[in-house]
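Enquirer: Kindly return the folded structure for what I paste below:
(2 chains)
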Number of protein chains: 2
Amino acid sequence: MNKRIGKQTLLLPSAPSIVGYASVVGQKEGEGPLKDCFDLISEDSYFGEQTWEKAESHMLRQCFELACAKAQLPPSALDAVFSGDLLNQCISSAFAMKDSKLPYLGLYGACSTMAESLGLAALLIDGGYAGTAAAVTGSHFCSAERQYRFPLEYGGQRPPTAQWTVTGAGAVLLGKEGKGPRVTAVTFGSIVDAGIKDANAMGSAMAPAAYETLKAHFADTGRSPKDYDAIFTGDLGALGHDILQELFRRDGVELDCSYMDCGVLLFDLNTQDVNAGGSGCGCSASVLGGHILRGMEKGVWKRVLFAATGALMSPLSAQQGNSIPGICHAVAIENGGWGNGTAD
Amino acid sequence: MNKRIGKQTLLLPSAPSIVGYASVVGQKEGEGPLKDCFDLISEDSYFGEQTWEKAESHMLRQCFELACAKAQLPPSALDAVFSGDLLNQCISSAFAMKDSKLPYLGLYGACSTMAESLGLAALLIDGGYAGTAAAVTGSHFCSAERQYRFPLEYGGQRPPTAQWTVTGAGAVLLGKEGKGPRVTAVTFGSIVDAGIKDANAMGSAMAPAAYETLKAHFADTGRSPKDYDAIFTGDLGALGHDILQELFRRDGVELDCSYMDCGVLLFDLNTQDVNAGGSGCGCSASVLGGHILRGMEKGVWKRVLFAATGALMSPLSAQQGNSIPGICHAVAIENGGWGNGTAD
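Expert: Predicted coordinates for the structure are as follows:
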């Protein structure tokens, strides 16, 4: 089996199995439509720590340990951890994993990090370099807010296109063998700069990247959206979700109701005051480690395309007049190997 | 051949070849002992741009394009780019690569990023997922200084243990075949927290991580320091260099004159006012893309262990009283495959 097909899609002949997963979220996320899917909902935004940055780290570690416990796998049994977050210098991942004694691969893919980490962990196993590996990522509303925008105390107003950084984490453990769903293909995306400069419209900055990566995935694999029971983008929000559908519609391709966005699913957009929906590394991560993988376990979906999206900007890059480049990495997850499961 | 040996070392049976490399540095670096090794020395700290962050991005892109030109490989021929830097949200890498249209894997390994990116790029090729891949990383004194420490205009004093962030970038292109040196083994390190809290003594924070990764590499492979013609740590500086030697001495292992540190090599510590030496992602990156790979090409060394080191902290983590965890990733580079070249 050729491992590289088309322009940029990688097939994983051994289809590493998801042997464990978990999700941890904050109170607001725990009051949303997906509330029954999470392993832990913390009512304390500090997670028992003194600062929100330490809280974020605590949440990531807790999520990783929960995934290990659910998989009945001691953390020390893992061969590598891929992890990343939104904080400057990715401190929440580093401090979450610093005592694990596990080989640590730090990533920065903004809100696409869950797909990047999952894809790289799967390749490490498929390539024969690891028996087990973890992908762990998350974000925290309070630490993100004061880093990217304003101090919480300021009570800044947001336009309707703005998104709400999710307090949440997801952890996925991969192994060579297992009964869980399998990672069968990975399409790492390139950066797409649509020239958007409004940091309150991240969905429109990231949707073109999602479009390019999904288009490449379909072209490379010969699959169409219909071949997936469900396609999840990372955190395009309501605006980006619609833009992505429109971009495909222009090509004559319909992304129907099987296409969903994690940022739209996580909150009730009518009642939860999150404007266009959720965002942040923890958005797609907690939806994957909660809703998606539980759904696959229950047989709701057999074949899923998980396409986390990220905006590769910083407050400083925005202040210096730069646009907001987007990126999207897509990971195919199937019950059974490549093409063994079929879409309903 | 077993791809995983010992606790954490990965062998690369196909030994991907370094098909191109380049280095770009700033004026101060271009006046140091390695001045004849760089492809480009910019006298303009702005690299023709309006801000130092854009300058850093410019330098990274320039270095990547130089490596492609030297390899006579159009950038579009590459299958993936692994890249990272020190800036918040890794903007210099993202903006350097945003127009490349290449699958982009963003990393954050602090100053260890050159080894992390090189190791992952090599694994991607060895695993059969890519024909060619690039590892690109760098740092800029002026952007790092105002982000991590003080505005340059302030003219802050530094203690003798402090290091100087290198303005420099390194790019390495890997392919399946080629005449260049080959990546034969990778030891990804775990995070080591020695409890150091002084951000002006990064060498002492990172040396224990270098010690653990090198010790693991030697134990896993059955090699000793004598099996390498040269061992380069990332940017421990004069202080960390001596601490690492002392840590090994306690085990009865002598790191003799074949052990060097990129941060010590890059500047004349007596005359260049850099205190304990160079640091930053660009330190080990530019020394690899200049001094080390040129030396291997000339036959000065046949077998090298490149062990970039990083401090996984941020100004905020320090302000919140956290210690400075270190990390080190080691990559074995040999003329010929694993064990084919022998140390002189």
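Enquirer: quick one: low-confidence ranges for chain A?
Expert: Per-residue confidence for chain A (pLDDT under 70) gives these ranges: A:1, A:340-344.
Enquirer: 80 instead?
Expert: A:1-2, A:337, A:339-344 (pLDDT under 80).
Enquirer: Helix, strand or coil: sort out A:L10 for me.
Expert: Look at A:L10: counting by DSSP: H, G, I helix; E, B strand; the rest coil, its state is strand.
Enquirer: Quick check: the gap between it and A:L293.
Expert: When distance is defined by CB to CB, to the nearest Å, A:L10 is 21 Å away from A:L293. Any C-beta I mention is one placed from the backbone N, CA and C, and that applies to glycine too.
Enquirer: go on, A:G240?
Expert: Using CB to CB, one obtains 23 Å as the distance from A:G240 to A:L293.
Enquirer: what's the span of stretch A:120-135 from first residue to last?
Expert: 9 Å (CA to CA, to the nearest Å).
Enquirer: I figured A:T213 was touching A:G310, is that so?
Expert: No. Applying CB atoms under 8 Å as the test, A:T213 and A:G310 come out as separate, 11.0 Å apart.
Enquirer: So which of A:G240 and A:L293 has more stuff around it?
Expert: Neighbours per residue (other CB atoms under 10 Å in any protein chain shown) separate A:G240 from A:L293, with A:G240 holding more: 33 against 25.
Enquirer: Quick check: closest non-adjacent residue to that one.
Expert: Beyond its immediate neighbours in the sequence, the residue positioned closest to A:G240 (CB to CB, 6 or more residues apart in numbering or on different chains) is A:G203, lying 2.7 Å away.
Enquirer: what does A:F150 give?
Expert: A:G156 (4.3 Å).
Enquirer: ok, how many other residues are close to that neighbour?
Expert: 11.
Enquirer: Torsion angles phi and psi at it?
Expert: As for A:G156, its main-chain torsions (degrees, to the nearest 10) stand at phi -60, psi 140.
Enquirer: one step back: mutual contacts of A:T213 and A:G310, please.
Expert: With contacts taken as CB atoms under 8 Å, 6 or more residues apart in numbering or on different chains, A:T213 and A:G310 have A:C328 as neighbours in common.
Enquirer: ok, back up a step: how far away is the residue nearest to A:F150 from A:E145?
Expert: As defined by CB to CB, A:G156 lies at a distance of 8 Å from A:E145.
Enquirer: Residues of the stretch 101-250 of chain A that sit close to chain B?
Expert: Contact residues of the stretch 101-250 of chain A with respect to chain B, defined by CB under 8 Å from any CB of the partner chain, are listed as A:101-110, A:116, A:120, A:123-124, A:126-131, A:188-191, A:193.
Enquirer: Among the residues you listed, name the ones in strands.
Expert: Restricting these to those inside strands, with DSSP state E as the criterion, leaves A:Y104, A:L105, A:G106.
Enquirer: wait, isn't the last one in contact with A:A96?
Expert: No. Under the criterion of CB under 8 Å, A:G106 makes no contact with A:A96, lying 11.1 Å away.
Enquirer: For those two, indicate the residue with more neighbours.
Expert: Neighbours per residue, other CB under 10 Å: of A:G106 and A:A96, the larger number sits with A:A96, 31 against 28.
Enquirer: what's the helix or strand the more buried one falls within packed up against?
Expert: Secondary structure here is read from DSSP states H and E; on that basis A:A96 sits in helix A:91-97. Judged by 3 or more CB pairs under 8 Å, 6 or more residues apart in numbering or on different chains; DSSP states H and E, helix A:91-97 is in contact with helix A:52-70, strand A:81-84, strand A:104-106, strand A:132-139, helix B:315-319.
Enquirer: The ones you listed into CSV, with extra columns for distance to B:G6?
Expert: Supplementary listing: the helices and strands packed on helix A:91-97 in CSV, determined by distance: least, CB to CB, whole Å:
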stretch, distance to B:G6
helix A:52-70, 23
strand A:81-84, 18
strand A:104-106, 17
strand A:132-139, 16
helix B:315-319, 32
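Enquirer: Tally up the residues packed near whatever residue of the stretch 51-200 of chain A ends up closest to chain B, please.
Expert: Each residue of the stretch 51-200 of chain A has a distance to chain B, by CB to the nearest CB, and the smallest belongs to A:G127, at 3.1 Å. Residues contacting A:G127 under the criterion other CB under 10 Å number 21.
Enquirer: and it, what is it in contact with?
Expert: A:G127 sits next to B:K3, B:L123, B:D126, B:G127, B:G128, B:Y129 when contact means CB under 8 Å, 6+ apart.
Enquirer: same thing but 7 Å
Expert: Contacts for A:G127 (CB atoms under 7 Å, 6 or more residues apart in numbering or on different chains) come out as B:L123, B:G127.
Enquirer: what about it, distance to A:K215?
Expert: Counting by CB to CB, the separation of A:G127 from A:K215 is 26 Å.
Enquirer: Could you do A:D193 as well?
Expert: Counting by CB to CB, the gap from A:D193 to A:K215 is 16 Å.
Enquirer: More neighbours: the two, which one.
Expert: Counted by other CB under 10 Å, A:D193 and A:K215 do not tie: A:D193 has more neighbours, with 19 against 16.
Enquirer: which one is that one nearest to, not counting chain neighbours?
Expert: Once its chain neighbours are removed from consideration, A:D193 has its nearest residue in A:P325; the separation is 4.2 Å (CB to CB, 6+ apart).
Enquirer: Now do the end-to-end distance for stretch A:226-239.
Expert: In stretch A:226-239, first residue to last residue: 23 Å (CA to CA).
Enquirer: try stretch A:297-308
Expert: This stretch, stretch A:297-308, spans 20 Å end to end (CA to CA).
Enquirer: Show residues contacting that stretch.
Expert: Outside stretch A:297-308, the residues within contact range by CB under 7 Å, 6+ apart are A:111-112, A:114-115, A:210, A:213-214, A:217, A:228-234, A:284, A:288, A:292, A:295-296, A:328-335, A:341-344.
Enquirer: Buried residues of it, list them for me.
Expert: Residues of stretch A:297-308 classed as buried under the neighbour-count rule (16 or more other CB atoms under 10 Å in any protein chain shown) are A:W301, A:K302, A:R303, A:V304, A:L305, A:F306, A:A307, A:A308.
Enquirer: Of the residues you listed, which belong to strands?
Expert: Filtering the buried residues of stretch A:297-308 for strands - DSSP E - leaves A:R303, A:V304, A:L305, A:F306, A:A307, A:A308.
Enquirer: Out of those, which is nearest to chain B?
Expert: The shortest gap between chain B and any of these belongs to A:A308, at 12.5 Å (CB to the nearest CB).
Enquirer: partners of the closest one in the sheet?
Expert: Beta-bridge pairing for A:A308 (DSSP bridges): A:H329.
Enquirer: which residues in chain A form helices?
Expert: Listed in chain order, the helices found in chain A under DSSP state H are A:52-70, A:91-97, A:113-126, A:141-148, A:202-221, A:237-250, A:262-265, A:281-287, A:293-297, A:315-319.
Enquirer: Distance to B:F267 added to these, as JSON lines?
Expert: As requested, the helices of chain A are arranged in JSON lines below (distance: least, CB to CB, whole Å):
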{"stretch": "helix A:52-70", "distance to B:F267": "34"}
{"stretch": "helix A:91-97", "distance to B:F267": "28"}
{"stretch": "helix A:113-126", "distance to B:F267": "35"}
{"stretch": "helix A:141-148", "distance to B:F267": "33"}
{"stretch": "helix A:202-221", "distance to B:F267": "40"}
{"stretch": "helix A:237-250", "distance to B:F267": "47"}
{"stretch": "helix A:262-265", "distance to B:F267": "47"}
{"stretch": "helix A:281-287", "distance to B:F267": "37"}
{"stretch": "helix A:293-297", "distance to B:F267": "50"}
{"stretch": "helix A:315-319", "distance to B:F267": "28"}
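Enquirer: Okay, domains of chain A per the record?
Expert: Chain A breaks down by automatic domain parsing into domains covering A:16-175, A:182-334.
Enquirer: Reformat those as TSV; add distance to B:G138.
Expert: As requested, these are exported to TSV (distance: least, CB to CB, whole Å):
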stretch	distance to B:G138
domain A:16-175	15
domain A:182-334	16
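Enquirer: Cheers, nothing more for now.
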